[in-house]
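Engineer: sharing a model prediction with you, sequence too.
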Amino acid sequence: MLRRSGLNSHSRSRSLLSSNHTPHVNVQDLPPSNWDVHLIEFLYCDDTRPEFQLQKAEEQYRRLVAILKTQGCSKVSLHIILMGVMGTIFRSHTDTTFSKLGLDYCKAKKLTKNLNTRSIQYATKIIKTKRKLGFHQHNANGTGGVSSRNPPDPH
């Protein structure tokens with residue numbers, strides 16, 4: 001399987017492909033019809049509405065996939081990995097995608113678990129920071145310990 005790494009038409013450096021049969025080949029030496037292009041997008045989405053973010057990503061990449069195909073790339077794959085912002089795992093968009101990308105079952109499960117853990121950690125940090133900022137803003141306004149969820153009525 002060939003994988004493209006960092007092709008830049010404006011760069012003087014040569015990009016490399018790795019293959020099971022050829023250790024290092026210049027990408028310019030192979031016709032695009034021999035390329036196996038994998039576009040990978042990692043996205044966070046609403047925990048309850050992953051379909052919206054999935055549609056948005058597919059729509060965003062539709063044009064790029066079409067351009068690559070018109071340039072002669074016959075094998076272009078879009079892989080979208082979705083995680084809920086609070087750590088929800090959408091198996092069809094995590095484990096399945098990792099398997100399609102060549103990870104064995106155990107590695108795919110471990111990676112999914114690590115991503116889940118990180119998502120929860122970052123969400124917790126964001127929530128704590130938001131609460132601290134909200135508390136300090138209320139103290140600066142002289143409202144004391146009023147909850148940031150229930151601001152005073154402006155009327």
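Structural biologist: Here it is on my side, so go on.

Engineer: from here on, contacts and neighbour counts on C-alpha atoms
Structural biologist: OK.

Engineer: can you tell me the SS state at H79?
Structural biologist: Secondary structure, DSSP: H, G, I helix; E, B strand; the rest coil: H79 is strand.

Engineer: what is the least confident helix or strand in the protein?
Structural biologist: strand 16-18 (a mean of 40; mean pLDDT, DSSP states H and E).

Engineer: okay, the residue most central in space within the chain: pLDDT?
Structural biologist: Geometric centre of the chain, nearest residue: F42, 1.0 Å, by C-alpha atoms, centre = their mean. If you check F42, the pLDDT there is 87.

Engineer: tell me the contacts of it?
Structural biologist: 80-83 (C-alpha atoms under 8 Å, 6 or more residues apart in numbering).

Engineer: which is the succeeding secondary structure element to the least confident helix or strand of the chain?
Structural biologist: Next in sequence after strand 16-18, counting helices and strands by DSSP states H and E, comes strand 25-26.

Engineer: quick one: strands adjacent to that following strand?
Structural biologist: In the sheet, strand 25-26 lines up against strand 16-18 (antiparallel) (DSSP bridges).

Engineer: related to what we said a few turns ago, let's have the contacts of F42 in a markdown table, adding pLDDT.
Structural biologist: Putting the contacts of F42 into a markdown table (pLDDT from 0 to 100) gives the following:
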| residue | pLDDT |
| --- | --- |
| I80 | 89 |
| I81 | 88 |
| L82 | 87 |
| M83 | 85 |
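
Engineer: which one of these is nearest to R63?
Structural biologist: Distance to R63, by C-alpha to C-alpha, is smallest for I80 among the contacts of F42, at 15.5 Å.
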